[in-house]
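Engineer: any chance you could fold what I've pasted below:
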Amino acid sequence: MIMRLRWLLLALATAAGAEERPAPVEPWQVRGELQIIRLDAQRAIPIIARFTDDAPGAAEELRHLLADGTATLVAHLIGRTTNGDACEAEQTRGMRYGTEFLPFDRGLIPEKQSGKIQESVHFPITAFERMDIGATLRFEPFVHKGGSIVSVLMDLNLRDDAKFQRLESGIQDNGTRLGVDLPTDFVRRNASTFVVHAGVPTLIGCCKPEGQRAILELQVLTIHVRLLDGPLPKAKKRLDPPNAFAPRVPDLGAPAFQTRIELHRFLMPEADALRLRPALLDLTKIDSAFANLLDSVKSGSCELAGILSIPLRDDRHGEFENGRGQRYMTEPSPGSRPQTIGDAPDIQEPKPRSPVSAGKEAAWSNPVQYFERRDVGDHFEAETKVHPQGELLELQLSYSIIGHRGFMRWPTGAYPPSRTAHSYGYQPDFTLRKSNITLSLANRQRTLLHFQKLPAPDGRVEIALIRTITERFNPDAKP
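Structural biologist: Sure, this is the predicted structure:
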């Protein structure tokens, strides 16, 4: 009896150890190639539709458009790794920009000479920060048995060349205008978990870049795999999921689902939008209404404000951001000297601090301007849950659009009268549209997500349409 009990405990311990032991990893070598391509929106829309419907020839057409110069290759990143190991590919350059300014340093602001035209002078910069411009791709592949399907955990970051925006916040009594140059960087981020067929180009994201009215950007990823002769080395690097509560990608095992989320935003005059609204609410007419919107974009009577198409594995979390960083002044302050509690405000002209007097008396500080940054543009987060038959999907969606309508200029009074006649502060005017919803969507059924009028002075109506395409994983390669 005791021997039987010992054998039973030994068997249970062996089974438990087998469950905890990680599954063997096939020795696959993985190469990921990502192309960031920009082209005219009218040429890009049908290509995006072909990628969405798995129609052949989309990637080949992009190659022809790149060859003849119709499309522009923004970045081409290649990363190599082994099955289950994270990889990073980067193509960036560093750019420095000013973050703190001293408006009234007499030694650095030149005097205006008589007889010359009015000058515009940049405030002296006293502190800088560094910004990385370019593309960074991080991905972690999981090659499934047979090598035809690859699960990918990916984080893509893109930042375009920053453009500088000058704000004139002071005018001296001699007519010299004083200002600061603030960088505006254009960013995109795609963090998701999806499945691709090895060797088949896949559209993993697309958007309308900020500041580009008639241009669309396509993000195309191709994963190549090759079986190695020997065992894999021990994994050294892991990539965190896009979200803290998103689990790591397991081996597929049984067939599962993947969903492509497709979103279009249009802007059109209120009268035209109201005439189209009944068709947008009718599921039998919404596809023809969508075709009418695309025709209106071609004719110029409607604007394609945004487009998104991303793959997302069932029961996983994905994010897509497309926008720019808008900086603005937060703490404009005139020069002052240190004060103790009970001191009265001192309005005398600030005096420069000299090494001789330092430490012997209360030193005057030059005025400093501080700035903050806010992301303007689209932020899209989604999680999907496909019903067992694959014809109905539950989509948890968080979608926000932050807009910037410019600056309001406020007079802040004259700084030292002998130096500056007028000074101004600039306050940004931001708008926010946000949706946190849960939708039940039928496979390939387009649905009206929102229909809303934008605040003045725009006055147009924004129409957003969403569609999901669900497919069951097939170990056979796509055509």
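
Engineer: show me where the stretch 251-400 of the chain has strands.
Structural biologist: Counting by DSSP state E, counting those that start in this stretch, residue ranges of the strands within the stretch 251-400 of the chain are 257-268, 303-313, 317-329, 371-386, 392-411.

Engineer: tell me which of the ones you listed lies nearest to Met131.
Structural biologist: Closest to Met131 of the strands of the stretch 251-400 of the chain is strand 317-329 (C-beta to C-beta; 8.9 Å). C-betas here are computed from N, CA, C, even on glycine.

Engineer: quick one: strands adjacent to that closest one?
Structural biologist: Next to strand 317-329 in the sheet, as set by DSSP bridges, lie strand 177-197 (antiparallel), strand 371-386 (antiparallel).

Engineer: re earlier: redo the strands of the stretch 251-400 of the chain as TSV? Include distance to Glu26.
Structural biologist: Converted to TSV, the strands of the stretch 251-400 of the chain look like this (distance: least, C-beta to C-beta, whole Å):
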stretch	distance to Glu26
strand 257-268	21
strand 303-313	20
strand 317-329	27
strand 371-386	27
strand 392-411	31
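
Engineer: between the ones you listed, which gets nearest to Tyr97?
Structural biologist: It's strand 317-329; of those, that one is closest to Tyr97 (C-beta to C-beta) at 9.0 Å.

Engineer: now do the buried residues in that closest one.
Structural biologist: 317-329 (16 or more other C-beta atoms under 10 Å).

Engineer: and what of stretch 291-306?
Structural biologist: Neighbour-count burial for stretch 291-306, counted by 16+ other C-beta under 10 Å, picks out 292-294, 296-297, 302-306.

Engineer: check stretch 387-404 too.
Structural biologist: Buried residues in stretch 387-404, counting neighbours by 16+ other C-beta under 10 Å, are found at 392-393, 395, 397, 399-404.

Engineer: Thr52: neighbouring residues, count only.
Structural biologist: Neighbourhood size, Thr52 [other C-beta atoms under 10 Å]: 18.

Engineer: just read off the phi/psi values of it.
Structural biologist: For Thr52, the backbone dihedrals are phi -60, psi -40 (criterion: degrees, to the nearest 10).

Engineer: ok, now which ones touch it?
Structural biologist: Thr52 sits next to 203, 260, 262, 309, 469 when contact means C-beta atoms under 8 Å, 6 or more residues apart in numbering.

Engineer: what's stretch 58-65 in contact with?
Structural biologist: 35, 37, 39, 43, 47, 50-51, 71, 201, 203, 218, 220, 222.

Engineer: now find how far off-centre it is within its chain.
Structural biologist: In terms of C-alpha atoms, centre = their mean, to the nearest Å, the centre of stretch 58-65 is found 25 Å from the chain centre.

Engineer: what of stretch 32-49?
Structural biologist: What separates the centre of stretch 32-49 from the centre of its chain is 17 Å, taken as C-alpha atoms, centre = their mean.

Engineer: between the two ends of that stretch, how far is it?
Structural biologist: 23 Å (C-alpha to C-alpha, to the nearest Å).

Engineer: what about this structure, any weak spots by pLDDT?
Structural biologist: Residue ranges of the chain with pLDDT under 70: 1-25, 102-123, 169-176, 230-255, 331-370, 412-425, 474-479.

Engineer: run the last query once more with 50
Structural biologist: 1-24, 242-254, 334-368, 417-418, 479 (pLDDT under 50).
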